[in-house]
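>>> this is a predicted model, with the sequence first.
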Amino acid sequence: VACMLFRWILQGLILFFLLKTTLSLNPDDPNVCSHWESYAVTVQESYAHPFDQIYYTRCTDILNWFKCTRHRISYKTAYRRGLRTMYRRRSQCCPGYFESGDYCIPLCTEECVHGRCVSPDTCHCEPGWGGTDCSSG
């Protein structure tokens, strides 16, 4: 029982750290998208294991001293490893954004020369500059 409890606690801690790393992005950020993903976890599970139980009854068999052998199927608790499918919410940056720390930053395929990238492939130019990459003066 202590071994099973230790395994459950260990699996819980592993799950906690996995969730903590997957939830590092702020889910309220409009540039964060999320989806459900499945993953397999190995668990120790109990089951009823059948076995042949031999017992003796009194009978009229003189050669066996009036004892007859009988069989019945009995069950005992056994343990096995099994796979359980779990689900978790996975946060990631939406298309057109890349992860930088806890934030999703817009990605411009062309560098904004005199400005900054404000959304995917959209530059906000400094005063006096224009064009798709802010390179026209």
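Thanks, I have it. Numbering: from 1, shown residues only.
>>> lowest-confidence helix or strand of this protein?
helix 2-22 (a mean of 60; mean pLDDT, DSSP states H and E).
>>> count the neighbours of Ala48 for me.
9 (other Cβ atoms under 10 Å). (Each C-beta comes from the backbone N, C-alpha and C, glycine too.)
>>> please name the bridge partners of it.
Thr77 (DSSP bridges).
>>> so the closest residue to Phe66 other than its chain neighbours versus Ser74, what's the distance?
Using Cβ to Cβ, 6 or more residues apart in numbering and skipping the chain neighbours, the partner closest in space to Phe66 is Arg58 (5.6 Å). For Arg58, the distance to Ser74 equals 21 Å [Cβ to Cβ, to the nearest Å].
>>> more crowded one of these two?
Between Arg58 and Ser74, counted using other Cβ under 10 Å, Ser74 has the larger neighbour count: 12 against 9.
>>> doesn't the more buried one belong to a strand?
Yes. Using DSSP: H, G, I helix; E, B strand; the rest coil, the secondary structure at Ser74 is a strand.
>>> that one touches Gln53, doesn't it?
Yes. Assessed by Cβ atoms under 8 Å, Ser74 is found in contact with Gln53 at 4.2 Å.
>>> mind listing what the residue nearest to Phe66 touches?
For Arg58, the contact set (Cβ atoms under 8 Å, 6 or more residues apart in numbering) comprises 66-68.
>>> closest one of these to Gly115?
Cys68 (96.5 Å; Cβ to Cβ).
>>> so which residue is dead centre in the protein?
Tyr39 (4.2 Å; Cα atoms, centre = their mean).
>>> state the distance from that one to Gly131.
Counting by Cβ to Cβ, the gap from Tyr39 to Gly131 is 46 Å.
>>> same question for Glu37.
According to Cβ to Cβ, Glu37 and Gly131 sit 41 Å apart.
>>> which of these two has more neighbours?
Taking neighbours as other Cβ under 10 Å, Glu37 and Gly131 compare with Gly131 leading, 15 against 11.
>>> isn't that one up against Gly115?
No. Here Gly131 does not reach Gly115: they are 9.3 Å apart, not a contact under Cβ under 8 Å.
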